[in-house]
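*Asks:* what would the 3D arrangement of this be:
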Amino acid sequence: MAHRCLVRRLPVSRAPGGAAAPSALVGPPSRPHSTRGASPAEGERGGAGRGGDGVRGNWLTLPPFDRAVVDGAALGRELSRGGSAEPGEAAAAAMTALKWVLRCCPELPRSLVQKLFRLRQVRREFSEGSLSDVRTQTVDCRLKRVAAKDSINFGDRIYLPITVKEFPSKKRECRCNLEEVNFVRGLVLHKDDAIIAVNKPPGMPVQGGVGISRSLDEVAITCLKYDHQENPRLVHRLDKDCSGILVMGRTQTSATFLHSLFREKTVGALNNDSDSRKRLLQRKYWALVIGSPRRSKGVISAPLGKVLMDNGKSDRITIVNNSQTIPSHHALTEYQVIESCHGYTWLELSPLTGRKHQLRVHCAEVLGTPIVGDYKYGWQAHRNFKNWQISNSEESFGKKLKGRALPFGLDLDNGSISDERPRLHLHSNQVLLPNIALALQNTQLSSGYDLSDLETLELVAPLPPYMQKSLDFLK
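*Replies:* Prediction:
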């Protein structure tokens with residue numbers, strides 16, 4: 001399957017590219033602003049002064065709020081709901097003190113920022129001035145407590161306790177050699193000012209955790225940052241053994257935009273409004289399953305819940321019946337049969353909601369056709385299935401290949417249905433999403449930009465070699 005990345009573009013004017021929003025504690029360019037260091041002991045009061053962003057006495061000063069800064073979450077909601085009424089104004093009106101702190105300080109955990117607000121340790125500056133003559137202005141700067149949900153106005157500055165500077169970065173940079181950098185950059189399917197999409201190889205975890213030394217989100221800091229000041233941010237997940245398209249935001253604004261689109265897509269699907277969401281954001285997977293569904297296409301609607309096993313050491317996602325008392329989340333999946341052959345079936349799966357292991361559980365427990373290589377949810381089907389052996393005439397085809405020495409210990413050649421132990425055959429094949437970069441650019445240029453005319457990006461990722469080998473073998 002050839003490597004493809006298709007982009008449907010509308011004729012639009014493009015403004016000169018601007019620099020990406022800086023990351024930790026360095027916000028958008030700000031106008032000169034009078035302020036001076038203040039502390040609670042001084043009655044939260046300061047005299048006139050002049051200086052840039054940074055440390056002021058016992059406080060860490062964030063950049064002043066600028067209406068030109070777009071709230072990605074608000075813009076994503078506006079786009080998801082099909083509206084086009086002044087998205088720039090809606091974004092500005094929706095900016096709260098909590099959102100502004102999280103935007104300016106992406107390295108601080110949300111839980112820590114919320115705790116600072118609960119403990120009333122966050123301040124906002126406001127000024128009281130009097131004009132004595134045309135050349136002299138007296139400014140009196142005060143700091144007042146601000147709540148997380150308080151709206152902030154143009155020019156407002158937020159102050160945090162100086163101790164937050166001691167908090168370590170949430171993500172550590174993963175050192176990579178030149179071969180590893182080139183390998184990861186070779187996975188890139190699409191890159192613009194707002195997003196970067198890669199064809200994630202199977203076997204590489206997306207996020208770090210216990211027992212995981214190198215994950216894609218950490219590797220991306222070294223390999224996929226390019227000339228941007230901010231690190232790429234995850235906006236959705238793929239299982240470690242799943243392959244295919246993974247989209248990351250390149251800025252805080254684009255990441256919140258994408259988060260909002262994924263969230264609104266799930267909400268829309270649960271409200272029986274999946275058709276409009278399908279046109280806006282759509283993901284398609286290819287899966288090879290054991291057996292064949294009774295119907296060639298349909299929609300799976302079944303709630304999923306998590307069950308703890310081994311005294312809490314592991315968990316398993318399962319279909320939850322009304323009689324069960326464990327918490328559950330509703331999940332929707334569209335499926336369509338592509339081809340059936342020799343006891344296997346290729347399915348195209350479109351998740352309308354985003355639940356953990358949704359596709360794997362729906363295939364195994366609802367359709368009764370577990371995905372090849374999914375030993376967690378289809379171990380019994382794999383044990384009973386007798387069609388792994390190939391004929392003698394094709395014995396050479398099934399020989400275990402000496403895997404290419406790939407970075408990060410990856411092996412992409414072995415694991416087809418002709419091998420002794422097949423790997424998970426689940427691949428994120430296609431993603432349709434709005435052109436986030438164009439939306440952010442035009443929203444900043446014009447508050448009345450019509451989001452309904454936004455172009456669509458179509459990303460397509462080729463199958464990994466072992467899945468392509470299974471496809472060729474069944475043909």
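
*Asks:* let me see the ranges of the helices in the stretch 251-400 of the chain.
*Replies:* For the stretch 251-400 of the chain, applying DSSP state H, counting those that start in this stretch gives helices covering 252-270, 274-280, 358-361, 379-384.

*Asks:* and these, which one's lowest on average pLDDT?
*Replies:* In terms of mean pLDDT, the lowest-scoring of these is helix 274-280 (a mean of 55).

*Asks:* where does the prediction get shaky in the stretch 251-400 of the chain?
*Replies:* Applying pLDDT under 70 to the stretch 251-400 of the chain flags residues 265-279, 323-324, 386-400.

*Asks:* can you give me the strands for it?
*Replies:* For the stretch 251-400 of the chain, the strands defined by DSSP state E, counting those that start in this stretch occupy 282-290, 297-301, 304-309, 314-319, 332-341, 344-351.

*Asks:* before we move on, what about the stretch 51-200 of the chain?
*Replies:* Under DSSP E, counting those that start in this stretch, the stretch 51-200 of the chain gives strands at 54-56, 59-61, 123-133, 136-145, 157-161, 188-191, 195-200.

*Asks:* quick check: which of the strands of the stretch 251-400 of the chain is buried the most?
*Replies:* Among those, the stretch with the highest mean neighbour count (mean count of other CB atoms under 10 Å) is strand 282-290, at a mean of 23. Where C-beta positions appear, they are placed from N, C-alpha and C, glycine not excepted.

*Asks:* for the residue nearest to P370 when sequence neighbours are not counted, what are its contacts?
*Replies:* Distance criterion CB to CB, 6 or more residues apart in numbering; nearest residue to P370, sequence neighbours excluded, is G378 at 2.5 Å. Contact partners of G378, counting by CB atoms under 8 Å, 6 or more residues apart in numbering, are I290, A364, P370, I371.

*Asks:* list only those of those flagged as buried.
*Replies:* Among the contacts of G378, those classed as buried by neighbour count (16 or more other CB atoms under 10 Å) are I290, A364, P370, I371.

*Asks:* distance of the second one relative to L308?
*Replies:* This points to A364. Relative to L308, A364 is positioned 19 Å away (CB to CB, to the nearest Å).

*Asks:* before we move on, what about the first one?
*Replies:* When CB to CB is the yardstick, I290 and L308 sit 27 Å from each other.

*Asks:* hey, least reliable of the strands of the stretch 51-200 of the chain by pLDDT?
*Replies:* Across those, strand 54-56 has the smallest mean pLDDT, namely a mean of 57.

*Asks:* T96 and I152 touch, don't they?
*Replies:* Yes - counting by CB atoms under 8 Å, I152 is a contact partner of T96 at 6.8 Å.

*Asks:* more neighbours, the two?
*Replies:* Comparing T96 with I152 by other CB atoms under 10 Å, the one with more neighbours is I152, at 20 against 16.

*Asks:* and the contacts of G378, which is closest to K240?
*Replies:* Proximity of the contacts of G378 to K240 (CB to CB) peaks at I371, which lies at 14.3 Å.

*Asks:* quick one, what contacts that closest one?
*Replies:* 287-290, 359-360, 363-364, 377-378, 424-426.

*Asks:* equivalent analysis for Y375, please.
*Replies:* Per CB under 8 Å, 6+ apart, neighbours of Y375: H382.

*Asks:* same thing but 10 Å
*Replies:* Y375 sits next to D241, A381, H382, R383, R421, P422, R423, L424 when contact means CB atoms under 10 Å, 6 or more residues apart in numbering.

*Asks:* mind checking how far it is from I290?
*Replies:* Applying CB to CB, the value for Y375 to I290 is 12 Å.

*Asks:* quick one: common contacting residues for these two?
*Replies:* With CB under 10 Å, 6+ apart as the test, Y375 and I290 both reach A381, H382.

*Asks:* farthest-apart pair in the buried ones among the contacts of G378, please.
*Replies:* The widest separation within the buried ones among the contacts of G378 (CB to CB) is 9.3 Å, between I290 and A364.

*Asks:* and for these two, which residues touch both?
*Replies:* By CB under 10 Å, 6+ apart, I290 and A364 have these common neighbours: P370, I371, D374, G378, A381.

*Asks:* closest to E218 among those?
*Replies:* D374 (26.3 Å).

*Asks:* my guess is the closest one contacts H362. True?
*Replies:* No - between D374 and H362 there is no contact under CB atoms under 10 Å: 11.6 Å.

*Asks:* neighbour count: those two, which is higher?
*Replies:* Taking other CB under 10 Å, D374 and H362 do not tie; D374 has more neighbours (28 against 24).

*Asks:* next one: phi and psi at the more buried one?
*Replies:* phi -100, psi 90 (degrees, to the nearest 10).

*Asks:* distance of it from T443?
*Replies:* Going from D374 to T443 by CB to CB gives 42 Å.

*Asks:* ditto for N182
*Replies:* 35 Å.

*Asks:* on that earlier part again, would you turn the strands of the stretch 251-400 of the chain into JSON lines with distance to V206?
*Replies:* Shown next, in JSON lines, are the strands of the stretch 251-400 of the chain (distance: least, CB to CB, whole Å):
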{"stretch": "strand 282-290", "distance to V206": "15"}
{"stretch": "strand 297-301", "distance to V206": "24"}
{"stretch": "strand 304-309", "distance to V206": "19"}
{"stretch": "strand 314-319", "distance to V206": "17"}
{"stretch": "strand 332-341", "distance to V206": "20"}
{"stretch": "strand 344-351", "distance to V206": "16"}
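
*Asks:* nearest to R145, out of these?
*Replies:* Proximity to R145, assessed across the strands of the stretch 251-400 of the chain by CB to CB, is greatest for strand 304-309 (39.4 Å).
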